[in-house]
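Undergrad: Here is my input, please return the structure:
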Amino acid sequence: MTEESPFTPGRPVEATAFRGRTDLVRQLVDTAKAACRGRFRTAYISGERGIGKSSLAQMARYLAETDLKMATAYVPLGSVGNLQGLARMSLRCIVQNNSNQSWIEKVKKQLGDRIRKVGVFGVEVELHVPAEDLQALVDHFAGQMSRLLKTIGSERRGLMLVMDDINGLAENARFANWLKSMVDGVATAMKKKEPPVFLLFVGLEERRRQIVAYNESVARIFQPTVFVPPWSEEETRGFFRAGFKSGGLKLSEGSVGACARFSGGLPMLAQEIGHAVWLRMTKAEPKHELDGVNSGIIDAAQEIGRQHLESSVVNALHSERYRSILRKIGVDWSIGDTFSRQQLGETTGLSDSEKKVLGNFINRMRKLGAILPVEDSGRRGEYRFPSLLHRYYFLMAMEGGEANANRN
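TA: Now for the predicted structure:
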């Protein structure tokens, strides 16, 4: 039995532990190869929350660095809301992410006194870049990255930046126009030799659409756009089998199937469920396997609600009738990506008292953002969950609560 959980909730999977998504990885590596041949490239990884976008991007980055000999950096942009912040964060992460690389001293020398702080415990970089220099970096980003690569010299064939969590930037029309201007600038100024730079953007699909709405040309700029689907049933089961085995647990196929069902093919949920079940089975040591699995799933539901869903939505679940309606929606697998009020009333087995409050329930869930109207369906009264994460959280929370009640 291992002492540490083999699951990694809350953070991208290490590249060495990454499994599956072979075709998607190949697409991104082929794009990185094109950059190494002197073709400026931008791509976008799109998908639901919790689908594994960041892990996929990190895997592509790992292969670009180890197999293609590219300089790489992971640039988290979740707290960045403007282009100057993007430029500053990119420089900072290039230095900070590559502190152990032989070529990084050349970059530091080029940046000179702009590096103000290097931490004692690990590398913490604080950059002081004058406003005019930052704006120049924004205005000529691809060319400046190419010049930085020339500073590195022959040690690296190209530069790949993973621009993760661009959801805040996507809400700014300037970001869309900047992308268009950057690509056009490369095409006109560098016809003979484009910069060997690959910018891999990562975000929600709705944010990609928002960027395209600001500037339609962006749709062709992201080549490829990689849509990340949920895992298949067998891929999900395989994930749990391998994880529990590496953690010193051998669970029955029934238990593995329960974990797979509640994760719904979402890696984020799978990591949370696997971790919580592993803790229950190894630390609490339940008498019966199914008790440990069920308790772990309940623990995972609570953690998902606390970390990833709005507290107002979670608190609304204290209404017993609303909880019952949500549970029936969650377990009715005939409900697809969208559903109508009529469908909920006819197919989910609601009681008469639940049908009476269904209208109030829908209005309440809409106000909380737990369900959203489908604007372009052409049918009135059609709704969807904001993400698969919401649906499977409700499924876990509702069935978990019922399992708790049955045991008490």
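Undergrad: C-alpha from now on. contacts and neighbour counts both.
TA: Noted.
Undergrad: in a strand, that's where residue 75 is, yeah?
TA: Yes. The assignment for residue 75 is a strand, going by DSSP: H, G, I helix; E, B strand; the rest coil.
Undergrad: measure it to residue 161 for me?
TA: Separation of residue 75 from residue 161 (C-alpha to C-alpha, to the nearest Å): 7 Å.
Undergrad: shared neighbours of those two, anything?
TA: Residues touching both residue 75 and residue 161 (C-alpha atoms under 8 Å, 6 or more residues apart in numbering) are residue 90.
Undergrad: give the contact list for residue 235.
TA: Contacts of residue 235 (C-alpha under 8 Å, 6+ apart): residue 20.
Undergrad: element containing it, please.
TA: When elements are defined using DSSP states H and E, residue 235 is found to belong to helix 233-246.
Undergrad: Any buried residues in that helix, and which?
TA: 235, 236, 237, 239, 240, 241, 243, 244 (16 or more other C-alpha atoms under 10 Å).
Undergrad: Tell me the pLDDT of the first one.
TA: Reading off the confidence values, residue 235 has pLDDT 91.
Undergrad: for the fourth one, same thing?
TA: The predicted structure scores residue 239 at 93 on the pLDDT scale.
Undergrad: try residue 129
TA: In this model, residue 129 carries a pLDDT of 80.
Undergrad: Hmm, residue 266 is touching residue 231, no?
TA: Yes. Assessed by C-alpha atoms under 8 Å, residue 266 is found in contact with residue 231 at 6.6 Å.
Undergrad: one step back: just after the helix holding residue 235, pick out the following helix or strand.
TA: Next along from helix 233-246, by DSSP H and E: helix 253-263.
Undergrad: about what we covered before: using CSV, please lay out the buried residues of helix 233-246 together with distance to residue 338.
TA: CSV is the format used below for the buried residues of helix 233-246 (distance: C-alpha to C-alpha, whole Å):
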residue, distance to residue 338
235, 25
236, 23
237, 26
239, 28
240, 29
241, 32
243, 33
244, 34
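Undergrad: what about the strands in the stretch 301-408 of the chain?
TA: 338-340, 372-373, 382-384 (DSSP state E, counting those that start in this stretch).
Undergrad: now the ones you listed as JSON lines including mean pLDDT and distance to residue 327?
TA: What follows is the strands of the stretch 301-408 of the chain, written out as JSON lines (pLDDT from 0 to 100; distance: least, C-alpha to C-alpha, whole Å):
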{"stretch": "strand 338-340", "mean pLDDT": "80", "distance to residue 327": "15"}
{"stretch": "strand 372-373", "mean pLDDT": "86", "distance to residue 327": "18"}
{"stretch": "strand 382-384", "mean pLDDT": "85", "distance to residue 327": "16"}
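Undergrad: could you pull out the helices for the stretch 1-150 of the chain?
TA: 22-36, 53-66, 83-96, 104-111, 131-139, 141-152 (DSSP state H, counting those that start in this stretch).
Undergrad: which of these is buried the deepest?
TA: helix 53-66 (a mean of 22; mean count of other C-alpha atoms under 10 Å).
Undergrad: May I have that one as CSV, with CA atoms only?
TA: Only the C-alpha atoms of helix 53-66 are listed here, as CSV (Å, rounded to 0.1, in the frame of the first residue of the first chain):
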residue,chain,number,x,y,z
LYS,A,53,-7.2,20.8,-21.3
SER,A,54,-4.3,21.9,-19.2
SER,A,55,-3.0,18.4,-18.8
LEU,A,56,-3.1,17.9,-22.6
ALA,A,57,-1.3,21.2,-23.1
GLN,A,58,1.4,20.2,-20.6
MET,A,59,1.9,16.9,-22.4
ALA,A,60,2.4,18.6,-25.7
ARG,A,61,4.8,21.0,-24.1
TYR,A,62,6.8,18.2,-22.6
LEU,A,63,7.2,16.4,-25.9
ALA,A,64,8.1,19.7,-27.7
GLU,A,65,10.8,20.2,-25.1
THR,A,66,12.2,16.7,-24.9
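Undergrad: Can you give the distance of that helix from its chain's centre?
TA: 13 Å (C-alpha atoms, centre = their mean, to the nearest Å).
Undergrad: next one: stretch 265-284
TA: 19 Å.
Undergrad: How about the contacts made by residue 204?
TA: 46, 47, 48, 49, 167.
Undergrad: how about those in a markdown table, adding distance to residue 40 and pLDDT?
TA: Listed next are these as a markdown table, based on distance: C-alpha to C-alpha, whole Å; pLDDT from 0 to 100:
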| residue | distance to residue 40 | pLDDT |
| --- | --- | --- |
| 46 | 20 | 95 |
| 47 | 24 | 91 |
| 48 | 27 | 86 |
| 49 | 28 | 85 |
| 167 | 23 | 86 |
